[in-house]
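In: sequence-free structure coming up:
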């Protein structure tokens, strides 16, 4: 079996990615743009939350943009573009994650200094995106109440590498008998101390707190320069 | 970039997997065991449906077994074992799919001729399991109503390689405003003619039809020998 060889090749590719990501992060900090990498299962509500987020931030006069990754289709980019902010789609054609170089390519022509927050909606996957740094400052793991409380334990890689967890679709919590205490305990077990927000994009619950968390993070970024 | 080289290595590993899977499929047919590979996003209800399925088939006097894949934890194996049938867990420790050799290893000590249906619950992922043949006769793609109607278009690889689609959690369809017509049209677009079942494990809706579909498929397998 070729396992050691493929591991070696994989390590090399990841190293190249890390270098690209590091350079991009530096560029983002210089330009004062906070970059948020949003990761979750398919159907956890990434696009719905981002559409609402872009709309609200734009209404507050902020300059925001988004890059969306999917295996196929540009449905999500079209959904996000309804918010009226610049949106670009990456179609990975089978690849289960975004890579730093793909994001870098999609930045072409954008004046980073004119963007305050850039959102990257990763491919819907709890495994592959974990190893790929995109130069973000904030990695957000979404977990919908419909997925079950055990997901942090089953996919510790994602929750370990994230800076913030957002429990989504909390309006459905009762219907799916979501055990909130257990879910929070499971997140805490995998990533002690990670802040957790709870939102329902559909009725707006918790969205203000999410927006405030993003704005506070950007202030911290600007102060760190 | 090392892309051509990694592709070459990957192709070789997939070829080895295909050979192992082919040999296993032959063994399964000889032994008269129908093998069902269940694939979906995390949290689509694979384990809940399988627990109910194993319980019902056992109650009908059938001899069934299951192998469960997860990155970490043996929670799902313990859940399935409550049905009283033989269950084994594969922990992939970070790998986003099962491979034929992993399944083969877990078969050790089981008398295949004494099993009528073997279920394999794949890792929760809509991308990676697609390329890995496990020697199954029936690949089943689960799609829960909470994930959204667009998933077949965004993950065509899985739906293309599946033999049957099962829409799960249909008891939540109204709560999440699931557009059934659109979902069926999207599946049909990606995989014309694929049968689609609709179930709600929670209230039992559609579970009989699912069980009958499995039994019918096993009869076909036995006739084909």
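Out: On my side now, so go ahead. Predicted model, so just to flag it, every value in this text is computed and none were measured.
In: Helix, strand or coil: sort out the residue nearest the centre of chain A for me.
Out: Most central in chain A under C-alpha atoms, centre = their mean is residue A:38, positioned 0.9 Å from the mean C-alpha point. Following DSSP: H, G, I helix; E, B strand; the rest coil, we place residue A:38 in the strand state.
In: Not counting its neighbours along the chain, what's nearest residue A:25?
Out: residue A:135 (4.2 Å; C-beta to C-beta, 6 or more residues apart in numbering or on different chains). The way it works is simple: take the backbone N, C-alpha and C, and place the C-beta from them, glycine included.
In: you'd agree that neighbour is up against residue A:22?
Out: Yes. Counting by C-beta atoms under 8 Å, residue A:135 does reach residue A:22; the two are 7.2 Å apart.
In: who has more neighbours, the two?
Out: residue A:135 (24 against 13; other C-beta atoms under 10 Å in any protein chain shown).
In: tell me the contacts of the more buried one?
Out: Counting by C-beta atoms under 8 Å, 6 or more residues apart in numbering or on different chains, residue A:135 touches A:20, A:21, A:22, A:23, A:24, A:25, A:27, A:28, A:35, A:100, A:103.
In: Wasn't it part of a helix?
Out: No. According to three-state DSSP, residue A:135 belongs to no helix; its state is coil.
In: what residues does chain A put near chain B?
Out: Within chain A, the positions lying close to chain B (C-beta under 8 Å from any C-beta of the partner chain) are A:1-2, A:5-6, A:9-10, A:12-13, A:16, A:41-43, A:70-73, A:75, A:94, A:96, A:123-128, A:144, A:146-148, A:150-151, A:153-157, A:169, A:172, A:175-176.
In: Generate a PyMOL selection restricted to the buried subset of those residues.
Out: Here is the PyMOL selection string for the buried members of the residues of chain A next to chain B, based on 16 or more other C-beta atoms under 10 Å in any protein chain shown:
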select buried, chain A and resi 6+9+13+41+42+43+70+71+75+96+123+124+125+126+127+128+144+146+147+148+150+151+153+154+155+156+157+169+172+175+176
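In: quick one on the thing from earlier: distance check, the residue nearest to residue A:25 against residue A:28.
Out: 6 Å (C-beta to C-beta, to the nearest Å).
In: quick one: common contacting residues for the two?
Out: residue A:35.
In: what's the average pLDDT for stretch A:69-78?
Out: Averaging pLDDT along stretch A:69-78 gives 96.
In: Let's see the distance spanning it from one end to the other.
Out: One end of stretch A:69-78 to the other measures 12 Å (C-alpha to C-alpha, to the nearest Å).
In: now swap in stretch A:163-182 and tell me
Out: Stretch A:163-182: ends 20 Å apart by C-alpha to C-alpha.
In: Run through chain A and note the low-pLDDT ranges.
Out: Within chain A, the stretches with pLDDT under 70 are A:1-4, A:6.
In: in the longest helix seen in it, what counts as buried?
Out: Ranked by number of residues, the top helix in chain A under DSSP state H is helix A:3-31. By neighbour count on 16+ other C-beta under 10 Å, the buried set for helix A:3-31 is A:6, A:9, A:13, A:17, A:20, A:21, A:24, A:25, A:28, A:29, A:31.
In: Nearest to residue A:53 among the residues you listed?
Out: residue A:28 (18.1 Å; C-beta to C-beta).
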